[in-house]
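Colleague: Dropping the sequence and predicted coords here.
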Amino acid sequence: MHRQMLGLQLERLQLIDGQIAKLNGLIAQAMKPQQDAVIRLAEVPGLGVDSAQQVIAEVGVKASTFPSASEFASWVGTCPGKDESAEENRSSRCAKGNKYLRRVLNQAAHAAVRKNGSHFQAVFRRLLPRLGYQSAIWAIAHRLCRLVWKILHEGVRFIEQSSQSDPKVRKQRARILARALRKLGYDVAITPINPTTTEMGTQM
């Protein structure tokens, strides 16, 4: 009886995995006209193809509704709160915002700070002693949010310019990203980026 019940659960899991794969393929097909924007977002440490598609689905390919990165971050809800009384800040909790993008950026921040040698990891380590873990993570999420707006609104690419950035690591990440995109049906090719014609996203 237990083996039969386990077999039924495994069949259900296979069905769900198949449905998820099919939905991912449908999403990728719908996103093909915005393939360039998906790739540019997916290049950011902590983000990926799935996260990039979710962001574009929420705010559009240009994030044109938001005239500035500050307004975008405020709408998402990654800005530090400011509850002051008698010139004393009693709370710095983030305001409520778009719960879907908040979750995506929070997960991306956790992933970005674990990437060895990245700009975001260096910033996180600098903020950690002063802010504590959770507040430092939200500070990284805030930076990622502003960076997302810049990439979408201005059509630029992210270039990791950390002092520890390794060309081999960048090439490996590019291959992994290209493989993930091709799996979803995107047409991609790995080409070198000319730093003189792009913006450095780590300055956000």
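Modeller: Yes, it's here. Residues are numbered from 1 along each chain as shown.
Colleague: next one: stretch 100-109 to chain centre, how far?
Modeller: For stretch 100-109, the separation from the chain centroid amounts to 7 Å (computed by Cα atoms, centre = their mean, to the nearest Å).
Colleague: Then stretch 126-142?
Modeller: 17 Å.
Colleague: And stretch 145-158, by the same measure?
Modeller: The answer for stretch 145-158 is 11 Å, by Cα atoms, centre = their mean.
Colleague: which residues touch it?
Modeller: 37, 40-41, 43-45, 47, 55-56, 59-64, 66, 68-70, 72-73, 76, 78, 101, 105, 193, 198-199, 201-202, 204 (Cβ atoms under 8 Å, 6 or more residues apart in numbering). C-beta here means a position set from N, CA and C on the backbone, and glycine is covered the same way.
Colleague: can I get the CA coordinates of that stretch in PDB?
Modeller: This file holds the C-alpha atoms of stretch 145-158, laid out as PDB (Å, rounded to 0.1, in the frame of the first residue of the first chain):
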ATOM      1  CA  CYS A 145      15.900  47.400  -7.900                       C
ATOM      2  CA  ARG A 146      17.500  50.700  -9.100                       C
ATOM      3  CA  LEU A 147      19.700  48.700 -11.400                       C
ATOM      4  CA  VAL A 148      16.700  46.900 -12.900                       C
ATOM      5  CA  TRP A 149      15.100  50.200 -13.700                       C
ATOM      6  CA  LYS A 150      18.300  51.600 -15.300                       C
ATOM      7  CA  ILE A 151      18.800  48.500 -17.500                       C
ATOM      8  CA  LEU A 152      15.100  48.500 -18.700                       C
ATOM      9  CA  HIS A 153      14.600  52.300 -18.900                       C
ATOM     10  CA  GLU A 154      17.900  53.200 -20.500                       C
ATOM     11  CA  GLY A 155      18.600  50.000 -22.500                       C
ATOM     12  CA  VAL A 156      22.000  49.400 -21.000                       C
ATOM     13  CA  ARG A 157      23.800  46.200 -19.900                       C
ATOM     14  CA  PHE A 158      25.300  45.200 -16.600                       C
END
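Colleague: where does this structure have low pLDDT?
Modeller: 80-95, 161-170, 173, 185, 187-204 (pLDDT under 70).
Colleague: how about the helices in it?
Modeller: 2-31, 35-42, 49-59, 69-76, 99-112, 119-131, 133-154, 167-183 (DSSP state H).
Colleague: In the last one, which residues are buried?
Modeller: Think helix 167-183. 174, 177-178, 181 (16 or more other Cβ atoms under 10 Å).
Colleague: Mind telling me the two of the residues you listed farthest from one another?
Modeller: With Cβ to Cβ as the measure, no two of those lie farther apart than A174 and L181, at 10.5 Å.
Colleague: that older thread, including distance to S51, could the buried residues of helix 167-183 go into a markdown table?
Modeller: What follows is the buried residues of helix 167-183, written out as a markdown table (distance: Cβ to Cβ, whole Å):
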| residue | distance to S51 |
| --- | --- |
| A174 | 17 |
| L177 | 12 |
| A178 | 16 |
| L181 | 13 |
